[in-house]
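Undergrad: I'll drop the sequence and a predicted model, then ask my questions.
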Amino acid sequence: MKQHLNTLYITTQGTYLRKEGQSVVVEVEKKVCARLPIHNLDGLICFGNVLCSPFLLGHCGENGVAVSFLSEYGRFLARVAGPQSGNVLLRREQYRRADDLARSADLARAFVLGKLNNCRTVLQRHLRDHPHAEGNAKVEVLVPRLLQQMIRLQGPMPLDEVRGVEGDAAHAYFGVFNTLLNSKTGFEFHERNRRPPLDPVNALLSFLYTLLAHDCRSACESVGLDPQVGFLHRDRPGRPGLALDLMEEMRPFLVDRLVLSLINRQQISLRDFTTSETGAVLLKDEPRKQILKAWQERKQDEITHPFLGEKMPVGLVPHVQALLLARHLRGDLEAYPPFLWK
């Protein structure tokens, strides 16, 4: 089993990263703030004005440590990675499967099935923990509706129909998301919006989804899959389709629950956001660091994987799912088992 390693998030503007022996050195205003062994890291994520020496970028590439560059507020810009590993025969099978719409639909059904199951679990946990919350009637109606859609997905259907089921379910799920928020916090959610997010809840979701996308992309590459070629998400220049496919089943489990916890436990407040002239709602610097810390802590939590029956850190789930997908494409597994959170 792959070891769960740390991701280094650099948010301080003007930071300079360089190589020193086998370590990453972090400097701010020419003062060394940290030295981190490269073998303890699986990725660097740089926010805004963060500089990396060419020698460090090459060292990271040689050691399988991807370096991602985001805007100061979390919009993905670019990624630097070393040679892609893995068996070329695996990638060729991935491409063949992606070109076959019927076989793509089979995998897409699995990804969406996992997503709907995990959305349903989020709603069920809310009903269990807050049985008298206002608006629960809408949630109670949606839970069996998602189950009906999951039953539909267990039978063959065209890819466009699978995508339609996913879109309808996502719209219904986010339609009751505001009910899951503690009204005393002042946070409100009306609809999912992005590029840019127009309210604090969407800003949180978009920020953490970006981090999850980085992890899913790295997971695909680590097992030899091409993160650009997906099955549910079709080819589009610059879009990591397969990473987005894997993300679908993990969004509710890894991100949505964390956002709800941060808000409902009042670990974050409306004062932690700012609104730009364009209407985009953005996280302030210090709260962003707090959320990155909460994200890292969440990834350290232990779960028992529902398919493998093994205990592992939450942060390993994207890697395990990518590995199971690779095994399916190689013919070692009859079907891809989505991550079904209970």
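TA: Great, that's in hand. Model, not experiment: these values are computed from the prediction.
Undergrad: ok, the residue most central in space within the chain - contacts?
TA: The residue lying closest to the centre of the chain (CA atoms, centre = their mean) is residue 212, at 2.2 Å. Each residue near residue 212 by CB atoms under 8 Å, 6 or more residues apart in numbering is listed here: 247, 250, 251, 254, 255, 318. (Each C-beta comes from the backbone N, C-alpha and C, glycine too.)
Undergrad: number of nearby residues for the first one?
TA: Other residues within reach of residue 247 by the criterion other CB atoms under 10 Å amount to 23.
Undergrad: The second one too?
TA: Under the neighbour criterion other CB under 10 Å, residue 250 is assigned a count of 25.
Undergrad: just the last one next, same as before
TA: The number of residues packed around residue 318, counting by other CB under 10 Å, is 27.
Undergrad: and the closest residue to it other than its chain neighbours, what does it touch?
TA: Among residues not flanking residue 318 along the chain, residue 219 sits closest, at 4.0 Å (CB to CB, 6 or more residues apart in numbering). Residue 219 sits next to 243, 246, 318, 319, 321, 322 when contact means CB under 8 Å, 6+ apart.
Undergrad: again, only using 6 Å
TA: Counting by CB atoms under 6 Å, 6 or more residues apart in numbering, residue 219 touches 318, 319, 322.
Undergrad: Can you name the next helix or strand after whichever strand or helix holds it?
TA: Under the criterion of DSSP states H and E, residue 219 resides in helix 200-222. Note on helix 200-222: by DSSP H and E, the next helix or strand toward the C-terminus is helix 241-250.
Undergrad: now that following helix: how far from the chain's centre is it?
TA: With CA atoms, centre = their mean, to the nearest Å as the basis, helix 241-250 stands 8 Å off its chain's centre.
Undergrad: Stretch 272-290 now?
TA: Centroid separation for stretch 272-290 versus its chain: 20 Å, with CA atoms, centre = their mean.
Undergrad: Kindly report the same for stretch 149-162.
TA: With CA atoms, centre = their mean, you get 23 Å for stretch 149-162.
Undergrad: Likewise for stretch 43-57?
TA: Stretch 43-57 has its C-alpha centroid displaced from the chain centroid by 21 Å (CA atoms, centre = their mean).
Undergrad: That stretch - what's its average pLDDT?
TA: Averaging pLDDT along stretch 43-57 yields 86.
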